[in-house]
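Enquirer: sequence and predicted model, in that order:
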Amino acid sequence: MRSNLQKISIILAILVCLPLSSLLVYAEEMDEQNKVYLVIANRLSFYDIESMHNLKSIIDNGSIGLMNTRGVTGYRGAEGYITVNTSAKAYSTYDTANSFNLDKDTLPIYERRVGKIQGKYNIANIELNRLKSLNINNAYNPIIGALGDNLHNSGQKTAVFGNSDTADSFVRTNCLIPIDSKGLIDFGNVDNILINDSSYPFGLRTDFNKILAEIKDVQSEAALFVIETGDLNRLNMYNNELSDNMFLELRGQILKNIDGFIGELFQEIKNKNSMLIIISPNSPEERLDTSLLSPLIIWGGKEYKGILTSDTTRRQGIVTNLDVAPTITNFLKAEKNNFIGHVIKAINEKDNFSFINELNNRTNITSKLRSPYLKLYSILIILIIILGTITVYTKGIHSNRMKMIIKFSLLLIMSLPLVFLLSAFIYIKDYFIYFIFTFILLMIIMAIICFINSKHRLLVLFSIIYSSLVIDLLLGGKLLKYSILSYDPIIGARYFGIGNEYAGVILGVMVLMTAIYMEKSKGCKIFLSILPITIFIVSNPKMGANLGGTISILATAVIYIVYLYKIRIDLKKIIIVGTIFILFFIILGLIDIYANDNPTHLGGTLLLIIEKGPKSLLDIITRKAQMNIKLMKSSIWSKVLLITILSESCILIRYKKKIQSIVRENKYFSAGLFSAILGSTIGLLLNDSGVLLGAISNTYIIGTLMYLLLDNMMAA
């Protein structure tokens with residue numbers, strides 16, 4: 001009997017405990033929901049990290065990369081913060097970032113300006129309407145508050161702590177990161193979070209103990225915590241008042257405090273399902289570091305160990321500020337609507353800090369070399385083209401020696417893009433050594449060319465340039481990534497593939513090389529294969545991935561075929577060719593979308609048109625036109641383009657009969673020349689930096705024409 005009672009008691013106990021255990025498990029699961037802690041250490045540099053032991057330890061056990069901090073116009077200020085949140089690059093000012101704890105004073109202001117608040121929120125941006133007005137004419141069409149909206153739509157809440165206030169101004173840029181489209185944040189404290197301390201800039205410093213305590217109060221409710229450390233920002237704003245010694249002393253103390261806070265926060269979250277992000281939305285402190293890429297550190301368990309990358313950049317170690325929000329929502333399993341950035345991933349690398357430090361140095365050196373060397377290259381093109389035009393125009397005055405010098409100079413300016421490409425083989429840390437290396441490399445190439453018969457020099461040079469570009473693209477564009485004539489990840493317009501500079505090179509070289517090969521082989525059609533090969537290489541998402549360049553090169557190839565084989569053009573054929581063009585790019589775009597996790601510009605443009613309608617295409621065209629107009633006004637390449645066009649016009653007028661004779665006698669070359677001119681014009685009009693493409697391709701056109709005329713004069 002007693003035995004039976006014991007059995008019944010055990011069964012009843014189990015039945016009672018089962019629901020309780022389920023509740024405990026559920027409570028534990030709720031407590032273990034993923035959480036993201038985003039710590040803002042603005043204007044942080046690599047020099048700083050060396051002295052931050054807690055942060056260094058997190059990097060050793062986590063991941064690090066370089067982040068492009070560019071907003072719409074620059075790398076500093078409120079734009080860097082709002083761009084982290086929005087769907088695209090956005091405008092903001094310190095004033096339009098003004099957010100406050102909602103109380104009896106600020107709540108009426110917000111509701112009077114924006115509307116009644118539905119639900120419970122602790123913080124609001126009272127300048128939301130001004131912030132949105134700033135972006136009405138923004139060609140990128142950003143959706144303000146995309147990150148906050150995605151989290152709120154997924155039932156998750158946000159919190160923000162800290163500020164960068166000074167003694168006489170509010171600096172609440174940190175609130176731009178978690179706000180939703182209504183300017184609201186669920187929890188936090190941005191008003192009462194500072195301590196008066198006369199030894200710090202503006203007599204203020206962040207109360208990290210208070211932040212830690214207040215985070216714990218809402219830890220079970222919020223999913224995203226944005227923490228502004230603030231003191232580095234205040235130091236930057238107080239910069240002009242400080243001697244070098246005081247600046248460094250204060251910075252050292254501030255970094256020590258931030259590192260201590262990061263260490264305490266990490267100890268609190270390391271055994272939970274957490275992601276820790278340390279971010280500098282602006283570029284590093286310019287008094288110490290001229291780099292425009294800032295360090296980005298992510299700790300998130302086993303998945304985030306090594307160096308950071310994203311499908312936006314396809315560059316090991318480099319990501320963009322637009323990638324941060326998708327990474328947060330991905331970790332929190334929230335919606336990812338309206339983002340154009342991609343989830344940041346980590347690639348295994350044992351000594352990740354040294355890898356990124358070296359990458360930072362090399363990227364900065366390459367970027368700094370670009371401006372002086374390309375300016376020198378542009379001036380060289382202008383001078384040689386002007387001198388060559390005068391020599392050709394006044395053919396009877398100059399000696400054969402002078403003509404030889406001009407021919408050599410023309411080969412030199414057409415060889416320099418090859419030199420700039422091949423020089424990327426070696427990591428050069430010194431500006432003077434780079435000059436010596438490129439000079440020696442140029443002389444070697446010129447010596448090789450000069451050993452070749454004069455009649456074959458252009459063909460050999462073009463073949464070497466073309467082969468080098470194609471091989472590099474097939475191997476992943478490793479040289480293009482560090483060529484000073486290529487794209488710059490600091491500028492952030494392109495991170496992979498072939499940029500408009502080398503698209504201009506390959507356009508000119510492709511069609512002129514094809515024409516010369518066909519001329520010498522008396523029309524051997526096998527050389528026509530160069531055209532589709534180039535189109536495939538430049539358009540392929542895994543190689544060139546250049547939409548504007550593809551359109552320009554495709555148009556050049558079609559014009560070459562039409563001109564060469566005297567195909568009559570009428571309205572019907574124009575419609576057919578236009579339809580084929582459109583279908584080609586639609587099919588290519590669909591392949592890009594379905595074959596790649598990260599579609600390139602073509603796939604992205606097609607997705608944008610599908611999602612937002614034809615107006616988005618008009619916005620893209622407008623943005624590209626604005627960029628071209630800007631470059632026309634400010635870039636030296638617009639002068640190169642103008643000089644090459646004027647030179648072509650002068651020569652065509654001066655040698656009208658001679659050119660007509662060349663056209664009749666050399667139909668393949670004349671087809672190449674004609675199609676190159678039209679193709680470069682199309683490239684100029686259809687690319688956001690088409691001035692570069694047009695100027696460089698025209699350099700090859702006028703250089704080739706001038707070289708052949710001088711050759712002809714010397715032979716006469």
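Expert: Done, it's in.
Enquirer: run through the stretch 251-400 of the chain and note the low-pLDDT ranges.
Expert: Along the stretch 251-400 of the chain, the model assigns pLDDT under 70 to residues 395-398.
Enquirer: ok, which stretches of it are strands?
Expert: Assigned by DSSP state E, counting those that start in this stretch, the stretch 251-400 of the chain shows strands spanning 274-279, 293-299, 306-310, 318-320, 344-347.
Enquirer: using PDB, write out every CA atom in the third one.
Expert: Read that as strand 306-310. Provided in PDB are the C-alpha atoms of strand 306-310 (Å, rounded to 0.1, in the frame of the first residue of the first chain):
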ATOM      1  CA  GLY A 306      39.700  36.600 -38.300                       C
ATOM      2  CA  ILE A 307      39.400  39.500 -40.700                       C
ATOM      3  CA  LEU A 308      36.100  41.100 -41.900                       C
ATOM      4  CA  THR A 309      34.700  41.200 -45.400                       C
ATOM      5  CA  SER A 310      31.300  41.700 -47.000                       C
END
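Enquirer: strands paired with that strand, and their directions?
Expert: strand 63-68 (parallel), strand 344-347 (antiparallel) (DSSP bridges).
Enquirer: same thing with the first one?
Expert: According to DSSP bridges, strand 274-279 has the following sheet partners: strand 35-40 (parallel), strand 293-299 (antiparallel).
Enquirer: to S486, which of the strands paired with strand 306-310 lies closest?
Expert: Closest approach to S486 among those (C-beta to C-beta): strand 63-68, 15.9 Å. C-beta: built from backbone N, CA, C; applies to glycine.
Enquirer: I'd like the next helix or strand past that closest one.
Expert: Helices and strands here follow DSSP states H and E; after strand 63-68, the next one along the chain is helix 79-85.
Enquirer: list the buried residues for that following helix?
Expert: By neighbour count on 16 or more other C-beta atoms under 10 Å, the buried set for helix 79-85 is E79, G80, Y81, I82, T83, V84, N85.
Enquirer: would you turn the residues you listed into JSON lines with distance to S354 and pLDDT?
Expert: Below are the buried residues of helix 79-85 laid out as JSON lines (distance: C-beta to C-beta, whole Å; pLDDT from 0 to 100):
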{"residue": "E79", "distance to S354": "31", "pLDDT": "94"}
{"residue": "G80", "distance to S354": "26", "pLDDT": "94"}
{"residue": "Y81", "distance to S354": "30", "pLDDT": "96"}
{"residue": "I82", "distance to S354": "33", "pLDDT": "95"}
{"residue": "T83", "distance to S354": "29", "pLDDT": "95"}
{"residue": "V84", "distance to S354": "27", "pLDDT": "94"}
{"residue": "N85", "distance to S354": "32", "pLDDT": "93"}
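Enquirer: need these in a markdown table with distance to I297, can you?
Expert: Listed next are the buried residues of helix 79-85 as a markdown table, based on distance: C-beta to C-beta, whole Å:
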| residue | distance to I297 |
| --- | --- |
| E79 | 22 |
| G80 | 17 |
| Y81 | 18 |
| I82 | 21 |
| T83 | 19 |
| V84 | 15 |
| N85 | 19 |
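Enquirer: re earlier: tell me which of the strands paired with strand 274-279 is the most buried.
Expert: Mean neighbour count (mean count of other C-beta atoms under 10 Å) peaks for strand 293-299 among those, with a mean of 27.
Enquirer: right, so of the strands paired with strand 306-310, which gets closest to N666?
Expert: strand 63-68 (47.7 Å).
Enquirer: contact partners of the closest one?
Expert: Here strand 63-68 makes contact (C-beta atoms under 8 Å, 6 or more residues apart in numbering) with 279-280, 292-299, 304-309, 313, 317-321, 324, 344, 346, 352-353, 356, 359-360, 363, 489-490, 492.
Enquirer: mind jotting down where the helices sit in the stretch 251-400 of the chain?
Expert: Along the stretch 251-400 of the chain, counting by DSSP state H, counting those that start in this stretch, helices occupy 324-331, 352-393, 400-422.
Enquirer: show the pLDDT at the residue most central in space within the chain.
Expert: By C-alpha atoms, centre = their mean, the chain has its centre lying nearest to G492, at 2.6 Å. G492 carries a pLDDT value of 87.
Enquirer: identify the residues contacting it.
Expert: Taking C-beta under 8 Å, 6+ apart, we find G492 in contact with N68, R70, T320.
Enquirer: sec struct for the residue nearest to the second one when sequence neighbours are not counted, please.
Expert: This means R70. Leaving out its chain neighbours, the residue that sits closest to R70 by C-beta to C-beta, 6 or more residues apart in numbering is G492, at 4.8 Å. Judged by DSSP: H, G, I helix; E, B strand; the rest coil, the three-state class of G492 is coil.
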